[in-house]
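Peer 1: Okay, predicted coordinates and the sequence, questions at the end:
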Amino acid sequence: MVRPDGASRGNPGPAAIAVVVEDAAGRVLREVSESIGEATNNVAEYRALIRGLLEAKALGAEEVEVRTDSELVARQLEGRYRVRDPELAGLHQEARNLTAGFRAVVVRAVPRSENARADALARRALAQKKELDPAERVLAAARRGGVEEARSQLALLDGPALRRVAERLVEEVARGAREAQGQGKRETMTGERAGRPRRPTGR
């Protein structure tokens with residue numbers, strides 16, 4: 001059982017994720033509670049889901065039930081809601097790719113009260129992270145297009161912080177590449193349909 005939750009102070013704003021992974025008997029196997037820098041609430045919810053699936057995989061799970069209080073995430077994974085936001089589209093595809101690695105995955109939308117532990121962990125991480133850490137300040141400046149600001153912040157970082165920046169940049173570049181590939185495929189398919197000759201109607 002994977003119980004993910006994301007929280008954001010502002011939309012976007014400082015954000016955090018939490019995950020509670022339980023076995024079939026309800027025993028807690030792993031908990032995650034951490035800041036993810038600046039993000040929207042929906043991005044935080046997806047990031048929490050992805051982290052939860054990764055944790056379940058690391059624990060050797062073959063069948064997973066995800067219980068999320070984000071109706072948007074649940075319905076998009078079910079295919080009932082379309083994914084219109086480009087950033088969410090990349091995260092949605094990443095989550096779908098991860099679910100394909102399990103024998104069975106069920107996603108359920110539940111009330112927040114059923115995910116009280118994950119909700120509390122996400123809010124605790126958010127409360128403890130009132131300011132962005134130095135690594136996140138670099139990334140936030142870069143996302144805003146502030147190259148000089150990002151460079152000046154980068155010069156202040158130590159080894160571990162530099163490693164965090166590098167890891168996050170790799171994640172974001174890879175996500176952007178996946179989004180571009182997905183967009184290219186959609187455009188190719190649209191072009192093929194547009195160029196396909198119409199069949200005679202028989203009239």
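Peer 2: Arrived safely, thanks for sending. Residues are numbered from 1 along each chain as shown.
Peer 1: For the nearest residue to L169 once chain neighbours are set aside, grab the count of nearby residues.
Peer 2: Computed as C-beta to C-beta, 6 or more residues apart in numbering, the closest residue to L169 that is not its neighbour in sequence is L139, at 7.5 Å. The C-beta positions use only the backbone N, C-alpha and C, and glycine is treated the same way. By other C-beta atoms under 10 Å, 20 other residues sit near L139.
Peer 1: which residues sit in contact with L139?
Peer 2: 37, 150, 165, 168-169, 172 (C-beta atoms under 8 Å, 6 or more residues apart in numbering).
Peer 1: wait, doesn't P4 sit right on A118?
Peer 2: Yes - if you go by C-beta atoms under 8 Å, P4 and A118 touch, sitting 6.4 Å apart.
Peer 1: Pull up the overlap in contacts between these two.
Peer 2: Residues within reach of P4 and of A118 at once, by C-beta under 8 Å, 6+ apart, are 18-19, 48.
Peer 1: Can you tell me how far the residue most central in space within the chain is from A104?
Peer 2: Centroid check for the chain by C-alpha atoms, centre = their mean gives R47 as the closest residue, at 2.5 Å. Per C-beta to C-beta, to the nearest Å, R47 is found 23 Å from A104.
Peer 1: next one: L126
Peer 2: As judged by C-beta to C-beta, L126 and A104 stand 32 Å apart.
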